[in-house]
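**Q** coords please:
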Amino acid sequence: MQRFNLYQEEYHPSPLVNIWLEFRRSHIALAGFVLLVIFLLITVFAPLLAPYDPHLQNTNAILLPPSWEPNGTVAHLLGTDGLGRDVFSRIMYACRTTFGSGLLIVMIAAFIGVSVGALAGVLSGVRSSVVNHLFDSIMSIPTLLIAIVIVAILGTGLFNSMMAITLALIPQFVHQTRTYVRNELQKDYVLLDRLDGASSLRIFTHSILPGMFELIVVQATIALSVAIIDISALGFLSLGAQDPTIELGAILSLALDVAYVAPWLITLPGLCIFLMIFSINVVGEGMRSALRNRLHH
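**A** Numbering: from 1, shown residues only. Have a look, this model is predicted:
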């Protein structure tokens with residue numbers, strides 16, 4: 001039985017709840033969110049979920065097809081590779097490496113890029129112009145090409161490739177943040193804060209930064225997609241993750257020798273990369289729409 005309430009109180013959800021209510025209106029965005037959560041769970045719990053050691057070789061089970069094929073077996077759900085290693089276990093560890101590395105790269109690039117971009121936006125005169133044109137010139141070069149050049153200088157390996165991609169993504173955050181800060185500094189509410197005696201740091205942290213959430217979400221979504229593609233591309237070119245590190249691009253590279261005999265060794269890692277990019281872009285677009293609709297209500 002409902003309790004009697006003398007006062008008619010209107011329910012106002014919190015900002016985060018409001019964003020979630022707007023986000024779940026899109027069924028595609030919600031499906032992408034579920035898929036993204038699955039990749040996050042694999043990234044965290046891959047050692048517990050994988051049925052086999054990804055490096056364990058079985059000479060009695062070489063190039064077994066997936067379980068749905070006539071010659072497949074349930075013991076190896078996605079089959080085995082040319083050395084008898086379980087493909088399902090290797091893909092889970094590879095997703096952990098690729099997705100986890102991409103997340104770390106974006107967090108570092110976003111922190112550094114937003115900080116430098118805010119500083120460049122607050123600066124004026126020659127210093128601001130030099131910073132702006134310097135990063136604009138870097139942004140004209142594709143991130144993968146920058147990463148390849150840096151890896152060629154530093155050497156191959158997953159850590160060096162992550163460092164290279166991070167350095168390649170920072171200018172994008174710097175440029176977007178600087179442009180946003182420069183535009184916001186011209187608005188009336190910032191002028192009122194200055195008249196109240198607020199410092200530039202306080203204006204940025206309390207007035208400008210809260211409004212940058214949509215910009216950071218959109219840019220981080222794009223950067224995460226680029227990071228995953230670049231990590232996979234460097235791994236495929238044997239410039240990124242090296243054996244025994246397992247990574248999706250490296251798995252694709254190793255599978256080229258047996259592509260005609262075992263096409264699932266190429267199809268499955270490629271499908272994982274596609275689903276990662278798809279889920280990230282769908283969730284990013286859903287978040288952007290949710291933020292805009294929340295502000296319009």
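**Q** and residue 252, what is it in contact with?
**A** Each residue near residue 252 by CB atoms under 8 Å, 6 or more residues apart in numbering is listed here: 232, 235, 236, 266, 269, 270. Every residue, glycine included, has its C-beta placed from N, CA and C.
**Q** same question, residue 26
**A** With CB under 8 Å, 6+ apart, residue 26 has these contacts: 286, 289.
**Q** run the last query once more with 10 Å
**A** Shown in contact with residue 26 (CB atoms under 10 Å, 6 or more residues apart in numbering): 32, 33, 282, 283, 285, 286, 289, 290.
**Q** what's the answer for residue 282, then?
**A** Here residue 282 is in contact with 26, 28, 29, 30, 31, 32, 33, 35, 36, 221 (criterion: CB under 10 Å, 6+ apart).
**Q** What subset of these is buried?
**A** In terms of neighbour count (16 or more other CB atoms under 10 Å), the buried residues within these are 26, 29, 32, 33, 35, 36, 221.
**Q** Test my guess that the third one contacts residue 283.
**A** In this case it means residue 32. Yes - because the distance of 4.7 Å satisfies CB atoms under 10 Å, residue 32 is recorded as touching residue 283.
**Q** For residue 40, grab the count of nearby residues.
**A** Residues near residue 40, counting by other CB atoms under 10 Å, number 13.
**Q** where's it, which helix or strand?
**A** Secondary structure from DSSP states H and E places residue 40 in helix 27-49.
**Q** Now the two most distant members of the contacts of residue 252.
**A** 235 and 266 (13.7 Å; CB to CB).
**Q** which of these two has more neighbours?
**A** residue 235 (30 against 17).
**Q** Retrieve the pLDDT associated with the more buried one.
**A** Here the pLDDT value assigned to residue 235 is 89.
**Q** is it fair to say it lies in a helix?
**A** Yes - counting by DSSP: H, G, I helix; E, B strand; the rest coil, residue 235 is found in a helix.
**Q** thought it was touching residue 98?
**A** Yes - counting by CB under 10 Å, residue 235 does reach residue 98; the two are 7.8 Å apart.
**Q** shared neighbours of the two, which are they?
**A** Shared contacts of residue 235 and residue 98, counting by CB under 10 Å, 6+ apart, come down to 158, 241, 246, 247, 248, 249, 250, 251, 269.
**Q** about what we covered before: quick one: common contacting residues for residue 235 and residue 266?
**A** The contact lists of residue 235 and residue 266 share 251, 252, 253, 254, where a contact means CB under 10 Å, 6+ apart.
**Q** and the first one, that's in a helix?
**A** Yes - going by three-state DSSP, the assignment for residue 251 places it inside a helix.
**Q** didn't it look like it was pressed against residue 232?
**A** Yes - using CB under 10 Å, residue 251 makes contact with residue 232 at a distance of 9.4 Å.
**Q** Quickly list what's touching both of the two.
**A** 94, 98, 241, 269, 270, 272.
**Q** which other helices and strands contact whichever strand or helix holds residue 88?
**A** If you go by DSSP H and E, residue 88 is part of helix 87-122. Counting by 3 or more CB pairs under 10 Å, 6 or more residues apart in numbering; DSSP states H and E, the packing neighbours recorded for helix 87-122 are helix 27-49, helix 126-139, helix 158-184, helix 200-203, helix 213-236, helix 248-255, helix 264-296.
**Q** By mean pLDDT, show me the worst of these.
**A** Among the helices and strands packed on helix 87-122, helix 126-139 scores lowest, at a mean of 66.
**Q** where's residue 50 relative to residue 67, distance?
**A** Going from residue 50 to residue 67 by CB to CB, to the nearest Å gives 16 Å.
**Q** if we can go back for a sec, closest to residue 189 out of the shared contacts of residue 235 and residue 98?
**A** The closest of the shared contacts of residue 235 and residue 98, once distances to residue 189 are taken by CB to CB, is residue 158, at 45.0 Å.
**Q** How far away from the center of its chain is the helix holding residue 40?
**A** Centroid displacement of helix 27-49 relative to its chain, using CA atoms, centre = their mean, to the nearest Å, is 13 Å.
**Q** From the contact counts, what lies against it?
**A** Helix 27-49 packs on helix 15-23, helix 87-122, helix 264-296, going by 3+ CB pairs under 10 Å, 6+ apart.
**Q** low-confidence ranges in the stretch 1-150 of the chain?
**A** 1-15, 124-139 (pLDDT under 70).
**Q** Quick one: closest of the helices and strands packed on helix 87-122 to residue 87.
**A** helix 264-296 (6.5 Å).
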